[in-house]
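Enquirer: for reference, the sequence and a predicted model appear below.
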Amino acid sequence: MTLPSSNHQIRTLDSVTTLDASYCGQVLVAGSHGAVYAAYLAAKGGVRGVILNDAGLGKDDAGISGLAYLDQFGVAGATIGHQSARIGDGADMMARGVIRNLNDTAGASGCAVGQSCADCAAAMLNAPGATSTPPTMTESRFMLEPGDPEVWGLDSASLILSEDEVRILICGSHGQALAGSPENALKRNVLGAVFHDAGIGIDDAGVSRLPILDQRGIPTATVAAESARIGDARSIYGDGILSKVNLTAANMGTEVGFSTKDFVSTIKASLKSTAPYIMTP
């Protein structure tokens, strides 16, 4: 067996969106879901290996779709089971995570299903490292509904802008406030938000944004993992079925079992009936 270089380290992040050049050549345990865009960011960052969260797998196995993608670039990839450690919390994944899925590159490096996250990460130190760099990929922001207020889709909550404060947002991200931190629940006070529940998971991590955003008066819901693809705002908007709503959203007339489009129309109606709120003149 080839011994890992002393320069190779295991590092943790709550989100792969905060990856920087210092992670190149390292093994990363990141709290992000295991869909393709998160895998792309890891491969683009030149990591030796990455462990992500399977987000309950969900519709079309979106929560692990990044594993095969990583194989194309020689990056070892694995996902922990969402019931073993909290999504959005790299340290918890390292401490409690259990491997549920892995790619061929990870298997060849000594990783195995059923390993602890920590043991899998250690095995990834033996991985040969990336063989190529992926072509550029971008997450998207797009209008889903015109009108007042507009409804916008964001494939990641990291894409939120100041102008979104007068919009309802449909976010491809999981519903966990990163590392459970209230300040990380949402960067802006928007008019409403829908996230993916990532299978809800251990400690109800996949829906932890909801009570936090109640405190800010933001009606918020999550869609069930099996109803829509994580990381895909269009799927959450078009296919999503609500699994959880916060008290603010419930008081505005929404409920579990609504479609995402039902949530949007109900929040719009409630906002207009309780004016004033910021609307286009």
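Expert: Structure's in. What do you need?

Enquirer: where along the protein do the strands fall?
Expert: Remark: strands assigned in the chain by DSSP state E are 10-13, 27-33, 49-53, 76-80, 99-102, 141-145, 150-154, 167-174, 192-196, 220-223, 242-245.

Enquirer: chain center to stretch 87-98: distance?
Expert: Computed by Cα atoms, centre = their mean, to the nearest Å, the separation of stretch 87-98 from the middle of its chain amounts to 14 Å.

Enquirer: where does the stretch 151-281 of the chain dip in pLDDT?
Expert: 179-182, 275-281 (pLDDT under 70).

Enquirer: contacting residues for residue 190?
Expert: Residue 190 makes contacts with 160, 164-165, 167-169, 218, as judged by Cβ atoms under 8 Å, 6 or more residues apart in numbering. (C-beta placed from N, C-alpha, C; glycine too.)

Enquirer: my error: substitute residue 41 in the last question.
Expert: For residue 41, the contact set (Cβ under 8 Å, 6+ apart) comprises 16-17, 19, 32.

Enquirer: related to what we said a few turns ago, by neighbours, which of the contacts of residue 190 wins?
Expert: Using other Cβ atoms under 10 Å as the neighbour criterion, residue 169 leads the contacts of residue 190 with 27 neighbours.

Enquirer: got the end-to-end distance for stretch 248-259?
Expert: Terminal residues of stretch 248-259 lie 17 Å apart, using Cα to Cα, to the nearest Å.

Enquirer: now that stretch: buried residues?
Expert: 248-249, 252-254, 258-259 (16 or more other Cβ atoms under 10 Å).

Enquirer: what's the end-to-end length of stretch 67-80?
Expert: Span of stretch 67-80 from end to end, Cα to Cα: 12 Å.

Enquirer: can you list the neighbours in contact with stretch 108-125?
Expert: 1, 4, 8, 10, 27, 29, 48-49, 51, 76, 78, 80, 84-85, 93-102, 106, 126-128.

Enquirer: thinking again about what came up before, export the contacts of residue 41 as TSV, with columns for distance to residue 204.
Expert: Shown next, in TSV, are the contacts of residue 41 (distance: Cβ to Cβ, whole Å):
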residue	distance to residue 204
16	22
17	23
19	27
32	18
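
Enquirer: most neighbours, which of those residues?
Expert: Neighbour counts for those (other Cβ under 10 Å) peak at residue 32, which has 32 neighbours.

Enquirer: re earlier: let's see which of the buried residues of stretch 248-259 end up in helices.
Expert: Using DSSP state H, the members of these that fall in helices are 248-249.

Enquirer: among the buried residues of stretch 248-259, which one lies nearest to residue 269?
Expert: residue 253 (7.4 Å; Cβ to Cβ).

Enquirer: residue 244 versus that closest one, what's the distance?
Expert: 16 Å (Cβ to Cβ, to the nearest Å).

Enquirer: again, but for residue 32
Expert: Applying Cβ to Cβ, the value for residue 32 to residue 244 is 20 Å.

Enquirer: one more: residue 153?
Expert: To residue 244, residue 153 is 20 Å away according to Cβ to Cβ.

Enquirer: show me where the chain has helices.
Expert: Using DSSP H, the helices found in the chain span residues 36-44, 66-71, 90-96, 104-108, 117-124, 209-214, 233-239, 247-251, 260-273.

Enquirer: one step back: winner for burial among the strands of the chain?
Expert: A comparison of those by mean neighbour count, using mean count of other Cβ atoms under 10 Å, puts strand 49-53 on top with a mean of 33.
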